[in-house]
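S.K.: Below: sequence and its predicted model.
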2 protein chains.
Amino acid sequence: MGENENQVVRKRALSATKADEIQAVEKKVRSSQPDKPCHKPRDSLFSWNSGFDNFTGLVNWAFLLLSMGGLRLLLENFIKYGIRVDPFQWISFVINPEDGSEYPSLLLLLYHIVPLSVCLIIEKALSAEVVPNGIGMLVHVVNLLSVILLPMVIIHVKDGFSLVGASTVCTVYSVLFLKLWSYVQVNMWCRSARQNNNKGSLRRQSVSLSSLQRAKEQKKQSVKGSTEDLGDGLVHYPDNLRLKDLYYFIFAPTLCYELNFPRTERIRKRFLLRRAFEVIVGTQIILAVIQQYMIPSVKNSLVPFSNMDYTLATERLLKLAIPNHLSWLIMFYILFHSFLNLTGEILQFSDRHFYADWWNANNIDIFWRTWNLPVHRWAVRHLYLPMVDMGYGRLTASMVVFFISAFFHEYMVSVPLKTYKIWAFMGMMGQIPLSFLSRAVEKRYGPRFGNIVVWSSIIIGQPLCIMMYYHDYMVIHHGPAIAEYAQV
Amino acid sequence: MGENENQVVRKRALSATKADEIQAVEKKVRSSQPDKPCHKPRDSLFSWNSGFDNFTGLVNWAFLLLSMGGLRLLLENFIKYGIRVDPFQWISFVINPEDGSEYPSLLLLLYHIVPLSVCLIIEKALSAEVVPNGIGMLVHVVNLLSVILLPMVIIHVKDGFSLVGASTVCTVYSVLFLKLWSYVQVNMWCRSARQNNNKGSLRRQSVSLSSLQRAKEQKKQSVKGSTEDLGDGLVHYPDNLRLKDLYYFIFAPTLCYELNFPRTERIRKRFLLRRAFEVIVGTQIILAVIQQYMIPSVKNSLVPFSNMDYTLATERLLKLAIPNHLSWLIMFYILFHSFLNLTGEILQFSDRHFYADWWNANNIDIFWRTWNLPVHRWAVRHLYLPMVDMGYGRLTASMVVFFISAFFHEYMVSVPLKTYKIWAFMGMMGQIPLSFLSRAVEKRYGPRFGNIVVWSSIIIGQPLCIMMYYHDYMVIHHGPAIAEYAQV
């Protein structure tokens, strides 16, 4: 049996090699034929068997088609609406408030000196131990709350704010709030470190009061230590509690306070000019896109949205999505690259890590961790980690971060528009289920599809919120006229 | 001096290492501070200094934006024109010719048997040496010319051809012409090889007639040789000159004749069904794209093209370019992958190399060498190489190939449309300067930009030609009406 099997195997092997030989011979014979054969067994490239997978040319194809489609939409828009770009409109926004008599935005911006001074004075008092800790912290909290509430109340009560002016005020006061929070917290850390040091040295003194010699040595050491501290070129608490230091932090492109920021050696003039140029030109481009593309699209979308005409509303939404996304991308670039680098260069602030590669983010969480590093760093350093240190769970801490982030998004949109809807807040809270979805997609279909989910949410989510706000804004201010128009 | 210099260098080196040390110490000191420093000197990712270059997410972004833009255009089109797709229109094209009484296209298609039989009969006569070579070749040339000229004359003279019917006839007769050319040439090669063999053996015989022994040996050898030839499983000239063999070649997915095509062992039923499904569905999609998108766009483009309104004409051109390009891509897939693989599978024809990776082509030459391999292989084997063998220069041979290719492009468009303009011909001839341009771009800016030039020419060139033909067609048939309309 065994021998027979062996023979069968050997025979098969022989026939296999024979088949190969026959094939090779056939090939040789075929190529020597007088009809010059030019065919051989091959699979098509699109067949799975071919194993072919080089489609790099299609990337160029996609970008080419994209720019051609963009060019066509540009032409179509110009044919339909003419040129609506007015590069000087922003000047009128800044110079003339709506009623033309006062500059409430400017006054409100100047008012920032008050909460700032209050904050510094309390810190000085706390450092000098003139004020007890509890009371000082209470005043801080009230002061910080006033920073947030003041613009809200004044913009709501007082007329005469232009949309741009009110937006600027809200943005500046949000940033001020986050910066002062950081300032207070860092100084608190320094204070508690000083206290611990003092306690430590007191304890040491009480333990080792055995001989005069030892005490003298200790005194020498502590003196040595303090001279060393003073000789390391760093500013130490409470020497940092000065208005100049605080203002440097207020203008520096970061939300996280430090006593000694890393600095550059010199201001690169060319770099400075380039960034300034980008800021000026980029702002103009965004303004042009808004005037030429977004305003007509948003206006056209009003009636379909009111009528719940889904086909038309979707078409309008997609039409708005492209210029909106484009201006968001430019905004990102000029704000996070050009503007923050510009201020960084002027202030010789050397940490320019304002954004990471969010465009490669494979899920929503990574996107939120990478697109806005100043805010992300602030949230981790001043909210998430302190909460975790206080014993809260990581999930709770994340939720709180999200909640506060959602609040500020809502704040910076609703207050200037004076429409207290919660679309921005809902949009931010919607990120939580989206985060689960995107991670599920990433896990199931791979990182590429996770990245596509992230991009989709960026491209679609924003114009949806804009349309909601515009719709509500128009319904509140011109309700009856629209209702009539929609019925016609 | 030398010592002084050395000292300076040494001092500098020392200070350099000292600076490094200081930096390291500073870093250590900073991180031990109570203010928990979180900044360090870093460049932004968009700064050249950062060296960052991972933008893979932007590829997903481009494809997403592209499909979203496409979806919006789809919706816009439906809103504007309603649903214009009629999947049964093609049936009426095939079944009912324009005047509804005759089937001239079908009759003309059946007529192919005549030139085919003539060709086979002449080959048989030439093989049997009944007809002298010169006369046989003359009849072949006349027969082949009739294959090209017959549809041209009949479609022009006789009414009742539908556009689809006339196009099918022209395509089929063009293919027939190329196939018969190949058939005649390959048989000629075989005949001349047989002649040479005979001459060779005659010469050998005349040289080595020294002894009977040798002659006998030779006879044995030649008998052995011929039995070997017959035993290799291949068909040899003139055994191939049968109608069945010729029809296999006519239906096989290649333009290059061989006596022994490589064959597959079995028909894969699943593969067959999938390809058939793709052909049916793909045809319907192309039809739908033409009905829904191209016809409205082309109609709308007429007046701007007549008026020489460049802005509007460009917008129309770009609008037409997208659906035209899309249907061309689908057409490419169903013709070169689905249909040719389908016929290949049915005929167990195993060489499925119908296209190479033209989408990665970095210049126009590579594109023309890779997108249509049956025609490319025919041109090289039956036109270019024979011409080079005949002593023509490579450039001349290339030009002739281009010229004949341009002729067939023009033939397959102009004859069915009955508008003897030369836009397709000019488009093909325009490939020559374009080839220089694309190679220059590739050389100057790298392969990516060469590829972009190729894609641009594909995406823009075709709709331009379509619009030219449509414009001329309409001016010829409805000239006065358009002139009036254009003036209004």
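M.R.: That came through, no problem. Residues are numbered from 1 along each chain as shown, chains lettered A, B, ... in the order given.

S.K.: The helix or strand hosting A:T283 packs against which elements?
M.R.: Counting by DSSP states H and E, the element that carries A:T283 is helix A:269-289. Judged by 3 or more Cβ pairs under 8 Å, 6 or more residues apart in numbering or on different chains; DSSP states H and E, helix A:269-289 is in contact with helix A:89-95, helix A:310-332, helix A:340-346. To be clear about C-beta, it is placed using only N, CA and C from the backbone, and glycine gets the same treatment.

S.K.: Quick check: mean pLDDT of the first one?
M.R.: Within the predicted structure, the mean pLDDT of helix A:89-95 is 63.

S.K.: And for the last one?
M.R.: Taken as a whole, helix A:340-346 has a mean pLDDT of 94.

S.K.: residues of it that come out buried?
M.R.: Across helix A:340-346, burial judged by 16 or more other Cβ atoms under 10 Å in any protein chain shown covers A:L340, A:N341, A:L342, A:G344, A:E345.

S.K.: Next up, the contacts around the closest residue to the fourth one other than its chain neighbours.
M.R.: Leaving aside its chain neighbours, A:G344 sits nearest to A:P253 (4.9 Å; criterion: Cβ to Cβ, 6 or more residues apart in numbering or on different chains). When contacts are counted by Cβ atoms under 8 Å, 6 or more residues apart in numbering or on different chains, A:P253 touches A:L340, A:N341, A:T343, A:G344, A:L347, A:F349, A:R352, A:F354, A:P374.

S.K.: Around chain B, which positions in the stretch 1-150 of chain A sit nearby?
M.R.: A:26, A:29-30, A:33-47, A:52, A:54-66, A:68-69, A:71-72, A:75-76, A:78-79 (Cβ under 8 Å from any Cβ of the partner chain).

S.K.: can you rerun that using 6 Å?
M.R.: Counting by Cβ under 6 Å from any Cβ of the partner chain, the residues of the stretch 1-150 of chain A close to chain B are A:29, A:34-35, A:37-44, A:46, A:54, A:56-66, A:68-69, A:72, A:75-76.

S.K.: The helix or strand containing A:N197 vs chain B: in contact?
M.R.: Secondary structure from DSSP H and E places A:N197 in helix A:163-207. Yes: Helix A:163-207 reaches chain B (Cβ under 6 Å from any Cβ) through A:V186, A:W189, A:C190, A:A193.

S.K.: between whatever helix or strand A:L395 lives in and helix A:163-207, how many degrees?
M.R.: Per DSSP H and E, A:L395 falls inside helix A:394-417. When axes from the mean of the first three to the mean of the last three Cα atoms, to 10 degrees is applied, the directions of helix A:394-417 and helix A:163-207 differ by 140 degrees.

S.K.: List the residues that contact the closest residue to A:F271 other than its chain neighbours.
M.R.: Distances taken as Cβ to Cβ, 6+ apart put A:E345 closest to A:F271, at 5.8 Å, once the chain neighbours are dropped. Going by Cβ atoms under 6 Å, 6 or more residues apart in numbering or on different chains, A:E345 touches A:I267, A:F271, A:L272.

S.K.: ok, now with 7 Å
M.R.: By Cβ atoms under 7 Å, 6 or more residues apart in numbering or on different chains, A:E345 lies in contact with A:I267, A:R268, A:F271, A:L272, A:R275.

S.K.: ok so, going back, pull out the buried residues from the residues of the stretch 1-150 of chain A next to chain B.
M.R.: Buried by 16+ other Cβ under 10 Å: A:34-35, A:37, A:39, A:43-44, A:57-66, A:68-69, A:72, A:75, out of the residues of the stretch 1-150 of chain A next to chain B.

S.K.: Give me the distance between A:D239 and A:R263.
M.R.: Plainly put, A:D239 is 17 Å away from A:R263 if you go by Cβ to Cβ, to the nearest Å.

S.K.: Dihedrals phi and psi, the residue nearest to the spatial centre of chain A?
M.R.: Geometric centre of chain A, nearest residue: A:N372, 2.7 Å, by Cα atoms, centre = their mean. A:N372 has phi and psi values of phi -130, psi 80 when expressed as degrees, to the nearest 10.

S.K.: Much appreciated, bye for now.
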